[in-house]
Every structure is written in C-alpha cells, then in structure tokens.
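J.: Sequence first, predicted model second:
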Amino acid sequence: MEYRRLGNSGLKVSALTLGTMTYGGRGNFAKVGAGGVAEVSRAIDLSADHGVNLIDTADIYSFGHCEELIGEATGGKLKDGMLIATKARFPMGEGPNDQGLSRHHLIRACEASLRRLRIDTIDLYQLHERDGQTPLEETMEALDSLVRAGKVRYVGCSNFSGWHVMKAMEIARRDGRIPFVSQQIHYTLQAREAEYELIPISLDQGLGVMVWSPLAGGLLSGKHRRNVAAPQGTRQLAGWPEPPIADEGKLFDIVEELVAVAEAHGVSAAQVALAWLLGRPAVSTIIVGARTEAQLKDNLAAADLKLTAEDRARLDKVSQPVLLYPYWHQKQTASARLSPEDLSLIGPYLKSTD
C-alpha cells in the first residue's frame with residue numbers, strides 16, 4: 001500500500017480509504033447496503049491487512065447508526081495506526097438547529113460523533129456540504145475551537161464549489177484559524193467536472209483530494225453494460241440517485257474502454273477505474289466501499305495495479321469533458337502564460353490539438 005500526504009499536512013494516509021456508507025441500512029441508506037457490526041468488523045480487519053489506515057464515515061450515514069457500528073466493532077480502540085474521518089452538516093433531528101454549519105450544530109455534532117465512535121479525538125473532521133445560511137467566519141471559528149480543544153486533529157470540506165473553498169481558506173488565513181487540509185469530492189472517469197475548479201484549487205491551496213463514490217455508484221464496475229439489464233441488487237435498481245447520468249451513451253463508451261483495458265491486465269474494470277484515479281493530480285486517497293467482502297477485496301487490489309501510458313491515454317480520451325468557458329478562451333489566448341494548476345485542466349487539450 002502506498003501512503004500519501006494529505007494535502008500540505010504532515011499526515012500520511014493510505015492511497016485507499018475504507019468507506020462505510022454501505023453499513024447500517026437505515027432510512028434511505030438501505031438502498032446502498034445493510035451490513036451490521038460483523039460486516040463492519042470484517043471490513044476493518046480486511047482493510048487493515050491490506051495496509052489501509054483510514055476509515056471514512058459520516059453522522060448522516062444511517063442517521064448515526066453507521067458510526068455506532070464502527071464504535072462497537074472497534075470497541076473504541078482502532079488498530080494501531082488506523083485513522084478515523086467523519087463529517088457533519090445534514091439533518092440529525094427535527095429541530096431548527098439540528099443541521100447546518102453553525103457553531104451550535106457543529107460542536108454538538110462532533111461531540112455526538114465522538115460518543116458513537118467511542119473515541120476521544122476525530123482525526124479528520126469534514127464539513128459534508130456548504131451551508132448558505134451560516135457565515136463562514138462562524139463555521140471556521142467552530143472548527144478551530146474543536147481542534148484547539150483536542151476533539152479534532154485536522155479539518156476538511158466536502159461537496160463545496162470552488163469559490164466556497166477559496167472563501168473558507170481565505171477566512172481561515174485572515175482570522176488565524178485552522179485551514180482545511182483536504183476536500184472530499186466526487187470524481188470519476190464518468191464525472192470529471194472537478195477538473196474545472198476543484199482539482200486546480202487543490203493543487204494551488206495544497207488540499208488533499210479524497211474521492212467519494214469512485215466507481216460512480218457501481219456504474220464503472222463493469223457490471224453495467226450497454227443494452228444489458230442492470231444486475232439484481234444494484235443501488236441503481238433500488239432508486240439511488242447518485243451520480244446523475246446526463247449522457248448514457250458516453251457512460252457506456254467509457255465502460256467499454258474500461259473492460260478492454262481490464263481484460264488486457266487480467267483484472268476487473270473496477271480496479272482499472274480506481275487505478276486511473278490514483279494517477280490523477282492532487283488525489284491523496286480514494287474511498288472504497290462494498291456490499292460484499294468479495295467486492296471489497298477486488299477494490300483493495302487496485303492499489304497494486306499499474307496502468308501503462310497507453311492505458312491512461314485511452315481512458316483519458318474516451319472520458320475527456322468538454323472545455324467550458326473561460327477555459328476554451330484561455331486555451332486559445334493564454335497558453336504561453338499558464339500556471340501548473342491551469343495546465344492540470346487545459347494541458348491535455350493543448351497536447352491533443354496543437
């Protein structure tokens with residue numbers, strides 16, 4: 001297992017992280033899995049055996065039950081070197097202050113997560129989504145307070161748009177607060193929108209990228225093929241809405257290339273999709289979860305897969321997103337003055353057309 005720095009921090013995390021959304025099975029999360037304490041315990045043991053040192057969860061996963069299962073499975077004592085990351089933002093009750101990123105909610109949510117996980121300190125505490133009604137000054141001060149109180153070691157964000165990430169980082173710098181070290185984003189061969197702003201921002205600001213749902217909810221696993229009925233038991237058949245698919249034809253073009261590359265290496269399409277992500281700029285770790293132990297073992301094997309330059313070129317080409325404004329204009333007029341962060345997006349277009 002490779003260990004990478006989480007952004008500009010001194011913390012090193014495994015290239016693969018154990019995701020836990022499939023455990024608990026309460027409410028809407030029953031659509032993605034319903035594993036109990038035995039399954040959680042086995043997943044943690046198996047991941048640790050493969051060198052994984054980070055578990056990612058969230059208070060909203062099965063409305064706290066997922067955190068409880070992790071706490072029960074570990075007895076509040078993680079394996080030596082294992083780290084825990086969780087998140088807060090979404091509704092955890094019916095009250096007007098039971099959601100959001102206010103100081104009131106964040107501190108209560110953090111303390112509740114600590115109790116459920118049976119630990120004293122959360123290694124990485126993440127804002128699960130932006131809150132358009134709480135000033136970022138209040139949010140960043142609350143995170144700073146949690147770090148200084150010893151309840152949290154590092155902080156990050158998730159699902160922020162680019163300008164919200166930059167605004168939060170500048171407020172932290174201006175006010176002497178603890179800044180983000182990471183952002184957790186959706187990023188796959190099927191969904192490369194993060195390359196417009198979030199990946200360049202990560203490179204510029206020294207943020208480690210943590211990728212959630214790297215197989216596009218299983219759509220890139222190789223199980224979903226053109227003109228073939230979706231396999232039984234998948235989250236798509238259960239009505240899970242993420243990610244949205246705007247171009248089904250392009251999705252299956254990507255899957256065909258994944259399968260072809262996978263067959264050449266004698267591995268699964270899922271492993272190829274994960275290995276492609278591990279080679280992308282700013283990516284610190286990829287969060288892998290599974291409904292079954294076999295799926296988890298297959299995903300963990302991606303850490304050892306090395307794609308060739310030709311493999312990557314094939315996958316890059318079939319999944320290349322449209323160059324939006326102002327990037328097409330910058331490509332035409334500013335190519336002599338691009339920064340390394342600009343080149344992370346525009347560079348491939350320069351190579352393919354000039």
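T.: Arrived safely. Numbering: from 1, shown residues only.

J.: Buried residues of stretch 68-88, list them for me.
T.: Buried positions in stretch 68-88, judged by neighbour count with 16 or more other CB atoms under 10 Å: 68-74, 78, 82-88. For every residue, glycine as well, the C-beta is placed using N, CA and C.

J.: swap in stretch 1-16?
T.: Leu6, Gly7, Ser9, Leu11, Lys12, Val13, Ser14, Ala15, Leu16.

J.: got JSON lines for those residues, with secondary structure, distance to Thr188 and pLDDT too?
T.: What follows is the buried residues of stretch 1-16, written out as JSON lines (DSSP: H, G, I helix; E, B strand; the rest coil; distance: CB to CB, whole Å; pLDDT from 0 to 100):
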{"residue": "Leu6", "secondary structure": "coil", "distance to Thr188": "20", "pLDDT": "98"}
{"residue": "Gly7", "secondary structure": "coil", "distance to Thr188": "21", "pLDDT": "97"}
{"residue": "Ser9", "secondary structure": "coil", "distance to Thr188": "25", "pLDDT": "98"}
{"residue": "Leu11", "secondary structure": "coil", "distance to Thr188": "25", "pLDDT": "98"}
{"residue": "Lys12", "secondary structure": "strand", "distance to Thr188": "24", "pLDDT": "98"}
{"residue": "Val13", "secondary structure": "strand", "distance to Thr188": "20", "pLDDT": "98"}
{"residue": "Ser14", "secondary structure": "strand", "distance to Thr188": "19", "pLDDT": "98"}
{"residue": "Ala15", "secondary structure": "coil", "distance to Thr188": "16", "pLDDT": "98"}
{"residue": "Leu16", "secondary structure": "strand", "distance to Thr188": "15", "pLDDT": "98"}
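
J.: which one of these is nearest Gln332?
T.: Set against Gln332, the nearest of those by CB to CB is Gly7 (32.2 Å).

J.: Now the two most distant members of the buried residues of stretch 1-16.
T.: For the buried residues of stretch 1-16, the farthest-apart pair by CB to CB is Ser9 and Leu16; their separation is 18.4 Å.

J.: For the stretch 251-354 of the chain, which segments count as strands?
T.: 283-288 (DSSP state E, counting those that start in this stretch).

J.: got it, and the stretch 51-200 of the chain?
T.: Taking DSSP E, counting those that start in this stretch as the criterion, the stretch 51-200 of the chain carries its strands at 54-56, 83-88, 122-127, 152-158, 182-186.

J.: Just say which of those strands is most tucked in.
T.: strand 54-56 (a mean of 27; mean count of other CB atoms under 10 Å).

J.: okay, now Thr139: neighbour count?
T.: 26 (other CB atoms under 10 Å).

J.: Buried residues, the helix ranked longest in the chain. List them.
T.: Criterion DSSP state H: the longest helix present in the chain is helix 248-265. By neighbour count with 16+ other CB under 10 Å, helix 248-265 contains the buried residues Leu251, Phe252, Ile254, Val255, Glu257, Leu258, Val261, Ala262.

J.: which of those lies closest to Val52?
T.: Checking the buried residues of helix 248-265 against Val52 by CB to CB gives Ala262 as the nearest, at 22.2 Å.

J.: which non-adjacent residue is nearest Ser344?
T.: Nearest in space to Ser344, with sequence neighbours left out and distances taken as CB to CB, 6 or more residues apart in numbering, is Pro281 at 4.9 Å.

J.: I'd say that neighbour and Ile201 touch.
T.: No - using CB atoms under 8 Å, Pro281 is not in contact with Ile201, being 11.4 Å away.

J.: more crowded one of these two?
T.: For Pro281 versus Ile201, neighbours defined as other CB under 10 Å are more numerous around Ile201 (23 against 16).
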